[in-house]
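Novice: I'll drop the sequence and a predicted model, then ask my questions.
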Amino acid sequence: MCVVGPGKAFLSGMTYHTYGLVSALAAHGPTQAVLLRHLVPGRLYPGRSRIGSDLSHLRLPPTVERAGRVDWWWGPGMIEALWMLLRRPPAILVLQWWSAAVWHTQLTLAIVAKARGARVVIEIHEPMDTAEARVPLAGAWAKVIGRALLKQADRVIVHGRVAEDVVVEALLVDRSQIVIIAEPPFDHYQVDSGCAPEPRVGEVVELLFFGTIRPFKGLEDLIAAFDQLCESGDGQQWHLTVVGETWEGWTLPSARIMQSLYRDRITFVNRYVADEEVDRWFADADLVVLPYHRSFTSGPLMVAMSYGKPVVVTRVGGLPEAVENYAGAVVVDPQSPDRLVDGIRKAEQLVGPSYPAPRSWADVANEHEALYRQLGVEGRS
């Protein structure tokens, strides 16, 4: 089989998912990978200052056959990818649906793979990025290229029931073609011991917000809630760490941090951090707060569950479903600092134990293999 997804040049949660899926599937049998390198012209990418920086220790297993890295303008990498599909055609081609900027590349790879007898599976993480959706002509591009790409799919994977409904409505995918395979916790950051350290219970409760800072992430709500917690006078000491790169020019949370009367209790790391730093921030956190206004899924949530940390998430999109079987979760209404305060106080009672992750990459690989068998592919495991 062959997985097509982003490489490490434009590092994001989708990169970690792609590498995790390839690694998990490689344990079952022969696996190929086509990594997409430069997704868009660098000047258009919000994280352009770090393009190509070696921030992650991610590596594909040595058994994985990898084509040259493909750029948005194609070049030699695309030729190598097409040659691999022609020379050793996979039985299954799995495409990571993420950025509309790569749909023309994925469509070409899908057409070539299907001509060689492959079945095509598209894994949708969200219909279209919110920033991309605001780009002129992006909607028209989505209708033409996106729908042409979806027509190549034998099956479409989503991560939950809410996502299924949205994909049916927004992308006009037939419900009978959709398979739900929930996202697993992202455990790639635990680089030292391979497991999270024992949680620390101390006088100060350490809160963590992690991830890109964007309008829909709701970080400004958390700053307001943190101020309320600090001024409550209940004797509990609080500290907030915010780790994330600002996207879309969304500087309101940064301004609110600087204006906070409790600024000395906030650590603000306003950049995309390397894996080793991620490991440290999550190991030191008592609980993780993700006050999103909307969300299909959440990489930071998957990381938090891999560390067994208590989490506070908002009742939006697929987040409540993602934590249904996670004992360390508290779910609150969105866009309400008051509800966040209540949720944080409730989650404070959960600090101490390390909570078991509800799923693993092995579970995901097994469910993928079951899907492939439904599509008539046998003999990999």
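Specialist: Ah, there it is. Numbering: from 1, shown residues only.

Novice: part of a helix, is Val167?
Specialist: Yes: using DSSP: H, G, I helix; E, B strand; the rest coil, the secondary structure at Val167 is a helix.

Novice: ok, it touching Pro127?
Specialist: Yes: using CB atoms under 8 Å, Val167 is in contact with Pro127, at 6.6 Å. Using the backbone N, CA and C atoms, a C-beta is placed for each residue, glycine as well.

Novice: output stretch 72-85 as PDB, nothing but the C-alphas.
Specialist: The C-alpha trace of stretch 72-85 is given here as PDB (Å, rounded to 0.1, in the frame of the first residue of the first chain):
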ATOM      1  CA  TRP A  72       3.500  22.000  -5.400                       C
ATOM      2  CA  TRP A  73       5.200  22.700  -8.800                       C
ATOM      3  CA  TRP A  74       5.900  18.900  -9.200                       C
ATOM      4  CA  GLY A  75       9.500  18.700 -10.600                       C
ATOM      5  CA  PRO A  76      11.700  15.600 -10.300                       C
ATOM      6  CA  GLY A  77      10.000  14.400  -7.100                       C
ATOM      7  CA  MET A  78       6.600  14.000  -8.900                       C
ATOM      8  CA  ILE A  79       8.300  12.000 -11.700                       C
ATOM      9  CA  GLU A  80       9.800   9.700  -9.100                       C
ATOM     10  CA  ALA A  81       6.500   9.300  -7.300                       C
ATOM     11  CA  LEU A  82       4.700   8.400 -10.600                       C
ATOM     12  CA  TRP A  83       7.500   6.000 -11.600                       C
ATOM     13  CA  MET A  84       7.100   4.200  -8.200                       C
ATOM     14  CA  LEU A  85       3.400   3.800  -8.700                       C
END
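
Novice: off-centre distance for that stretch?
Specialist: Put simply, stretch 72-85 sits 26 Å off its chain's centre (CA atoms, centre = their mean, to the nearest Å).

Novice: who has more neighbours out of Val167 and Pro127?
Specialist: Higher neighbour count among Val167 and Pro127: Val167, with 24 against 18, using other CB atoms under 10 Å.

Novice: any idea how far the more buried one lies from Met14?
Specialist: Counting by CB to CB, to the nearest Å, the gap from Val167 to Met14 is 17 Å.

Novice: can you check Lys114 too?
Specialist: Counting by CB to CB, the gap from Lys114 to Met14 is 23 Å.

Novice: try Ile180
Specialist: Counting by CB to CB - Ile180 and Met14 are separated by 19 Å.

Novice: what about the helices in this structure?
Specialist: 13-26, 76-87, 103-115, 130-133, 138-141, 147-150, 161-171, 219-231, 252-259, 275-284, 299-306, 319-322, 337-348, 361-374 (DSSP state H).

Novice: by mean pLDDT, show me the worst of these.
Specialist: Among these, helix 130-133 carries the lowest mean pLDDT, a mean of 62.

Novice: residues near the residue lying closest to Phe268 once chain neighbours are set aside, how many?
Specialist: Closest residue to Phe268 apart from its sequence neighbours, by CB to CB, 6 or more residues apart in numbering: Val242 at 5.0 Å. Using other CB under 10 Å, Val242 is surrounded by 24 other residues.

Novice: pull up the gap between Val242 and Ser260, please.
Specialist: Taken as CB to CB, the span from Val242 to Ser260 is 11 Å.

Novice: need the residues touching each of the two.
Specialist: Ile266 (CB atoms under 8 Å, 6 or more residues apart in numbering).

Novice: still on that earlier bit, hey, what's the residue nearest to Phe268 bridged with?
Specialist: Phe209, Phe268 (DSSP bridges).

Novice: so what's it up against?
Specialist: Val242 makes contact with Phe209, Ile213, Leu219, Pro253, Ile257, Ile266, Thr267, Phe268, Val269, Asn270, according to CB under 8 Å, 6+ apart.

Novice: does Glu65 touch Ala33 like I think?
Specialist: Yes: if you go by CB under 8 Å, Glu65 and Ala33 touch, sitting 7.4 Å apart.

Novice: more neighbours: the two, which one.
Specialist: Neighbours per residue, other CB under 10 Å: of Glu65 and Ala33, the larger number sits with Ala33, 26 against 15.

Novice: now the more buried one: how far from Asp54?
Specialist: 19 Å.

Novice: before we move on, what about Thr63?
Specialist: Separation of Thr63 from Asp54 (CB to CB): 23 Å.

Novice: surely Arg175 and Glu164 touch.
Specialist: Yes: Arg175 is in contact with Glu164 according to CB under 8 Å; the separation is 7.0 Å.

Novice: looking at the two, which has the bigger crowd around it?
Specialist: Between Arg175 and Glu164, Glu164 has the larger neighbour count (other CB under 10 Å), namely 19 against 10.
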